[in-house]
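Engineer: below are the sequence and a predicted model for it; my questions follow.
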Amino acid sequence: MPDFRASDGVRLNYFVWGEAGERPPVLLHHGFAASALLNWHGTGVVQALLDGGRQVIAIDARGHGTSDAPTDPALYGEVRLARDVGELLDHLGVKQVDLAGYSMGAVTALIFASGDDRVRRLWIGGVGEAVIDLGGVETRLLPPGALIAALEADQRPADMHPGVAEFRIFAERTGGHLKALAAQARSLHAAPIALDKVRMPTRLVAGDQDPLARHPQRLADALPDAELIILPGTHLGVCGIPEFAESIVAFVN
């Protein structure tokens, strides 16, 4: 698969499906502990977009999938991930995209869209009011310290916080780089995002049983041109239902 070197030397893999058309490509950014194939290809999103006549680009974020997985927290954080998105577009010579991001990828997409005019339409999912209150993912219900400890432990701790356990088990089952994921968890974005500068049409999707996307209407209301769609499902489970892929295709098309 193709790759490129980010400006700090980290090698990042990406995927390109379909041919360029009259409309811009759709760039997909996955969530924490997932990958491009898990979050987007395995859930049918890529095929649905191809069926809709779109070219699709997806990146394996640093520390995830088949990209390099350094363990220095200084090489992580959603600001750095957003920079990777811009450098991938530079590498490909892409002038405009429709951008979709889920969970960690949603925070990354918001940061990128707030400072780069190459985004035509923005789809985000798996986040809620924590983006306003905390600058990123919902750490009030998923304590970073507990998540870091669980990811750095050689053996799965027996007394893990339930939400932490879900991510540790998910990372193990998918072959995730646990120490690299811990480095990202140490660098979670926790500063205000210039949501007023995210002026392109935006769709926010949240699962009705997703505690990490609490009160998503607050986030939708804080964005200049956003609509909210609630789908049935949990944080991880909602990605697998047909309506999830349909919510992206219908919006970008």
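Structural biologist: Structure's in. What do you need? Numbering: from 1, shown residues only.
Engineer: quick one: low-confidence parts of this protein?
Structural biologist: Along the chain, the model assigns pLDDT under 70 to no residue.
Engineer: what residues are up against the residue nearest to the spatial centre of it?
Structural biologist: Against the mean C-alpha coordinate of the chain, by Cα atoms, centre = their mean, the closest residue is residue 105 at 1.5 Å. If you count contacts by Cβ atoms under 8 Å, 6 or more residues apart in numbering, residue 105 has them with 28-31, 39, 61, 81. C-beta here means a position set from N, CA and C on the backbone, and glycine is covered the same way.
Engineer: can I get the residues you listed in TSV with secondary structure and neighbour count?
Structural biologist: Shown next, in TSV, are the contacts of residue 105 (DSSP: H, G, I helix; E, B strand; the rest coil; neighbours: other Cβ atoms under 10 Å):
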residue	secondary structure	neighbour count
28	strand	28
29	strand	31
30	coil	27
31	coil	27
39	helix	27
61	coil	27
81	helix	28
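Engineer: ok, those vs residue 121, which is closest?
Structural biologist: Proximity to residue 121 was ranked across those by Cβ to Cβ; first place goes to residue 28, at 12.9 Å.
Engineer: what's near enough to touch that closest one?
Structural biologist: 36, 39-40, 45-46, 56-59, 100-101, 105.
Engineer: repeat that for 6 Å
Structural biologist: By Cβ atoms under 6 Å, 6 or more residues apart in numbering, the contact set of residue 28 is 40, 58, 100.
Engineer: among these, name the buried ones.
Structural biologist: With burial judged by 16 or more other Cβ atoms under 10 Å, the buried subset of the contacts of residue 28 is 40, 58, 100.
Engineer: is residue 100 in contact with residue 123, as I believe?
Structural biologist: Yes: between residue 100 and residue 123 there is a contact under Cβ atoms under 6 Å: 4.0 Å.
Engineer: shared neighbours, the two?
Structural biologist: residue 248.
Engineer: do a quick rundown of the strands in the stretch 51-200 of the chain.
Structural biologist: For the stretch 51-200 of the chain, the strands defined by DSSP state E, counting those that start in this stretch cover 56-59, 97-102, 119-125.
Engineer: which of those strands is buried the deepest?
Structural biologist: Comparing these by mean neighbour count (mean count of other Cβ atoms under 10 Å), strand 97-102 ranks first with a mean of 28.
Engineer: give the pairing partners of that strand; include direction for each.
Structural biologist: Paired neighbours of strand 97-102 in the sheet (DSSP bridges): strand 26-29 (parallel), strand 119-125 (parallel).
Engineer: next one: that strand to chain centre, how far?
Structural biologist: 8 Å (Cα atoms, centre = their mean, to the nearest Å).
Engineer: need the residues that contact it.
Structural biologist: Residues outside strand 97-102 that contact it (Cβ under 6 Å, 6+ apart): 24-29, 31, 39, 108-109, 118-126, 248, 252.
Engineer: residue 48 - that's part of a helix, no?
Structural biologist: Yes: checked against DSSP: H, G, I helix; E, B strand; the rest coil, residue 48 lies within a helix.
Engineer: residue 108 contacts residue 30, correct?
Structural biologist: No: Residue 108 is beyond contact range of residue 30, at 9.6 Å (criterion: Cβ under 6 Å).
Engineer: run a quick neighbour tally on residue 215.
Structural biologist: By other Cβ atoms under 10 Å, 14 other residues sit near residue 215.
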